[in-house]
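>>> Need coordinates for the following:
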Amino acid sequence: MRRQGFTLIELLVVVSIIALLIAILLPSLSRARELARVTVCASNQRQVGMGLVMYVQSFKNVLPPWIDDQNVNHVVHRWFYHDINKYQNLGLLYKTKVITEGRTFFCPSQEFPGFRYDNYDPWPTFASYDGTGTGTLGIRCSFQYNPHLEKESTSSPRLYQNLTDMPPSATLTADLMEHRAAIAHEELAGWNLMTSDTSVQFKKSAEALERIPAWWDQWTPMSSYFDVLELLERP
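Numbers count the residues shown, from 1 in each chain. Okay, here's the model as predicted:
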């Protein structure tokens with residue numbers, strides 16, 4: 001006796017079940033992929049931290065300096081190489097060959113062009129902020145570095161010049177807080193923060209996320225930036 005095939009209704013039911021399962025599983029798979037990227041991002045910051053420890057051992061405990069002009073957006077972000085002031089900040093780890101892999105200075109979750117490793121292809125090509133080829137050329141990495149000032153002023157020097165001066169809980173590097181489009185883990189409302197003891201934690205704060213401005217030049221007053229950093233540094 002020949003077995004009858006599926007009826008149209010049965011096929012539609014099967015297709016509906018498959019579609020439902022996909023709809024249920026896709027968000028979980030997407031979240032799992034993002035959590036994996038968070039882990040890679042944390043690992044990169046940890047490698048940067050070990051690089052900083054090696055660097056200061058060769059430079060009398062002095063941290064890589066901040067050569068560029070001290071305006072508000074340069075407090076919040078991440079110059080690695082500037083076309084005028086050359087290597088600075090974390091870029092000095094690369095210049096001195098403490099870290100030789102450029103990808104280490106980038107977070108795989110970052111989507112804003114200026115902070116993506118592939119924006120500087122072939123590495124280390126100098127590129128623009130928004131990936132269009134216009135504007136100031138240089139290299140901008142995915143992490144802000146030593147983001148502390150002596151006072152809330154755009155002309156203030158960094159609070160910590162030496163690694164041993166930093167409290168163990170002070171942020172040494174962090175995922176960018178520059179503006180909303182540059183938040184690497186916005187879906188999770190969190191940031192990887194590495195403290196001066198080179199430990200890395202993923203800190204979640206919906207309140208901090210809400211305080212991030214739409215664009216980098218809107219960090220006014222400066223106290224709003226320090227409020228966000230304080231929120232994320234809380235135990």
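>>> the strands in this protein, which residues?
79-82, 86-87, 138-140, 143-145, 171-175, 190-195, 200-204 (DSSP state E).
>>> Average pLDDT for the second one, rounded please.
Average pLDDT, strand 86-87: 90.
>>> How about the fourth one?
This predicted structure assigns strand 143-145 an average pLDDT of 94.
>>> what's the offset of it from the middle of its chain?
Its chain's C-alpha centre and that of strand 143-145 lie 7 Å apart, by C-alpha atoms, centre = their mean, to the nearest Å.
>>> ok, residue 82 to residue 121 distance?
19 Å (C-beta to C-beta, to the nearest Å). In this view, the C-beta of every residue, glycine as well, is placed from N, C-alpha and C.
>>> and the two? which has more neighbours close in?
residue 82 (21 against 10; other C-beta atoms under 10 Å).
>>> Which residue is the nearest non-sequential neighbour of that one?
Nearest non-adjacent residue to residue 82, counting by C-beta to C-beta, 6 or more residues apart in numbering: residue 138, 4.7 Å away.
>>> so what's the most centrally placed residue in the chain scoring on pLDDT?
Central residue of the chain (C-alpha atoms, centre = their mean): residue 175, 2.8 Å from the mean position. pLDDT recorded at residue 175 is 96.
>>> Quick one: residues contacting it.
41, 107, 110, 142-144, 183-185, 191-193 (C-beta atoms under 8 Å, 6 or more residues apart in numbering).
>>> Which of the residues you listed sits closest to residue 221?
Distances from residue 221 to these, taken as C-beta to C-beta, are shortest for residue 144 (18.6 Å).
>>> any idea how far the closest one is from residue 166?
From residue 144 over to residue 166 the distance is 15 Å, taken as C-beta to C-beta.
>>> Can you pick out the residue with more neighbours from those two?
Higher neighbour count among residue 144 and residue 166: residue 144, with 25 against 19, using other C-beta under 10 Å.
>>> how far off strand 190-195 does the longest helix along the chain point, in degrees?
The helix spanning the most residues in the chain, taking DSSP state H as the definition, is helix 8-58. Here helix 8-58 runs at an angle of 20 degrees relative to strand 190-195 (axes from the mean of the first three to the mean of the last three C-alpha atoms, to 10 degrees).
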